[in-house]
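Participant: Quick one, fold the following:
(one chain, ligands or ions: 2)
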Amino acid sequence: MVVAVPYLLEVTTDAKGVTLKDQLIAYAASLPKAELHLHIEGSLEPELMFTLAQRNHTDIPFKSVEEVRAAYSFSNLQDFLDIYYQGMSVLNTEEDFFDLTMAYLNRVRTDNVRHTEIFFDPQGHTERGVAFDTAIGGILTALSLAKKQFGMTSKLIMCFLRHLPEEGAINTLHAAEPWLDRIDGVGLDSSELGHPPSKFERVFKAARERGLKLAAHAGEEGPPDYVYEALDLLHIDRLDHGNRSLEDDALVKRLVSEQMTLTVCPLSNLKLCVVDDMTAHPLKKMLDLGLRATVNSDDPSYFGGYMNDNFAAVITALDLCQDDIKTLAKNSFRGSFLSEGEIRAHLAAIDLFQ
Ligand code: HPA
Ligand code: ZN
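Facilitator: Ligands and ions are numbered 1, 2, ... in the order given. Below you'll find the predicted structure:
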């Protein structure tokens with residue numbers, strides 16, 4: 001039997017009417033995966049926002065969960081960031097950060113995420129009077145509990161807010177000093193346009209000297225030049241988003257030859273109008289070019305889905321085959337900051353799935 005669907009001319013179904021795409025979505029859901037691009041503050045679900053607002057007697061400008069969700073309509077990154085920083089105002093105590101992190105870990109456990117590398121935005125908290133130690137303390141307690149309770153491993157990446165001066169990032173690195181044995185890397189996020197990676201060269205050098213891994217958002221809204229700067233001036237180990245690299249053939253060639261991991265976020269790209277439509281998403285093209293692309297959720301509460309929702313969206317819209325999906329799952333571990341031995345074990349586990 002042949003059924004017409006919007007994305008393919010035709011899709012075969014089995015006797016029960018299950019399409020090949022349904023099978024691929026189920027296959028992706030079943031695979032062990034790592035998440036490499038997740039802002040923990042962006043996993044704050046409206047329900048938890050209300051619970052925390054009540055607990056802390058914090059005012060929020062919404063009357064209901066439905067009203068919050070209705071406000072999540074964005075035309076660009078800045079639109080989203082304005083509401084993302086507003087949402088953070090309910091996070092005040094160590095317990096709040098613990099509850100936030102635990103909710104995310106419990107949720108993605110059901111998506112077969114076995115390892116996660118979490119971003120947090122300390123300046124989003126210290127700028128409004130919440131201590132660095134309060135935020136990181138709650139997050140780390142949840143990460144160790146998840147390891148103990150259900151064997152999920154994690155890394156923690158501290159992001160610098162690029163719309164603020166580099167001095168703020170340097171102060172943040174100093175505040176992090178007592179925690180550096182439990183912080184694995186630094187990242188660069190927030191408003192990209194007008195805030196090129198070159199603005200953060202000194203603080204990234206200082207982070208590198210402290211043995212931290214380096215990641216940076218580049219090429220989400222910013223031009224390929226920002227990706228070059230992230231590579232040449234910041235010496236990144238991983239590129240967050242990187243979509244606009246595709247505008248520059250020489251850059252693509254370099255990213256392929258360096259086997260640079262791109263942490264691609266399909267639902268985020270759709271919600272922030274980085275792509276007009278999921279059928280126009282460059283993920284399949286990235287894989288075909290040999291780029292080490294991965295699938296991630298970015299800010300799942302704001303963008304409408306967690307890890308498996310992102311896989312389902314790209315499988316539905318693009319012509320991904322089973323091998324592509326396996327490659328994406330493997331890339332998520334290859335691009336992680338786990339040890340070589342740990343990565344090998346995860347890749348072998350994926351090979352057991354058919
Ligand atoms: N881009 C840049 N900064 C961010 C994002 C993003 O998608 N999410 C949270 N901070
Ligand atoms: Zn991001």
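
Participant: residues in contact with the closest residue to ligand 1 within the stretch 51-200 of the chain?
Facilitator: Ligand 1 sits closest to residue 189 of the stretch 51-200 of the chain, with a gap of 3.5 Å, by CB to the nearest ligand atom. (Glycine included, C-beta is placed from N, CA and C.) For residue 189, the set of contacting residues under the criterion of CB atoms under 8 Å, 6 or more residues apart in numbering consists of 39, 119, 121, 159, 160, 161, 162, 217, 240.

Participant: export these to JSON lines and tack on neighbour count and pLDDT?
Facilitator: What follows is the contacts of residue 189, written out as JSON lines (neighbours: other CB atoms under 10 Å; pLDDT from 0 to 100):
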{"residue": "39", "neighbour count": "24", "pLDDT": "98"}
{"residue": "119", "neighbour count": "26", "pLDDT": "99"}
{"residue": "121", "neighbour count": "24", "pLDDT": "98"}
{"residue": "159", "neighbour count": "25", "pLDDT": "99"}
{"residue": "160", "neighbour count": "25", "pLDDT": "99"}
{"residue": "161", "neighbour count": "21", "pLDDT": "98"}
{"residue": "162", "neighbour count": "24", "pLDDT": "98"}
{"residue": "217", "neighbour count": "28", "pLDDT": "98"}
{"residue": "240", "neighbour count": "27", "pLDDT": "99"}
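
Participant: where's residue 145, which helix or strand?
Facilitator: Assignment of secondary structure by DSSP states H and E places residue 145 within helix 132-150.

Participant: model confidence over that helix, on average?
Facilitator: Helix 132-150 carries an average pLDDT of 98.

Participant: Output it as PDB - backbone C-alpha positions only.
Facilitator: Extracted C-alpha coordinates of helix 132-150, given in PDB (Å, rounded to 0.1, in the frame of the first residue of the first chain):
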ATOM      1  CA  PHE A 132      26.900  31.400  41.700                       C
ATOM      2  CA  ASP A 133      27.200  28.700  44.400                       C
ATOM      3  CA  THR A 134      23.400  28.500  44.800                       C
ATOM      4  CA  ALA A 135      22.900  27.700  41.100                       C
ATOM      5  CA  ILE A 136      25.800  25.300  40.600                       C
ATOM      6  CA  GLY A 137      25.200  23.600  43.900                       C
ATOM      7  CA  GLY A 138      21.600  22.600  43.000                       C
ATOM      8  CA  ILE A 139      22.500  21.500  39.500                       C
ATOM      9  CA  LEU A 140      25.500  19.400  40.600                       C
ATOM     10  CA  THR A 141      23.400  17.600  43.300                       C
ATOM     11  CA  ALA A 142      20.900  16.600  40.700                       C
ATOM     12  CA  LEU A 143      23.600  15.400  38.300                       C
ATOM     13  CA  SER A 144      25.200  13.200  40.900                       C
ATOM     14  CA  LEU A 145      21.800  11.800  42.000                       C
ATOM     15  CA  ALA A 146      20.900  10.900  38.400                       C
ATOM     16  CA  LYS A 147      24.200   9.000  38.100                       C
ATOM     17  CA  LYS A 148      23.500   7.100  41.300                       C
ATOM     18  CA  GLN A 149      19.800   6.400  40.700                       C
ATOM     19  CA  PHE A 150      19.700   5.600  37.000                       C
END
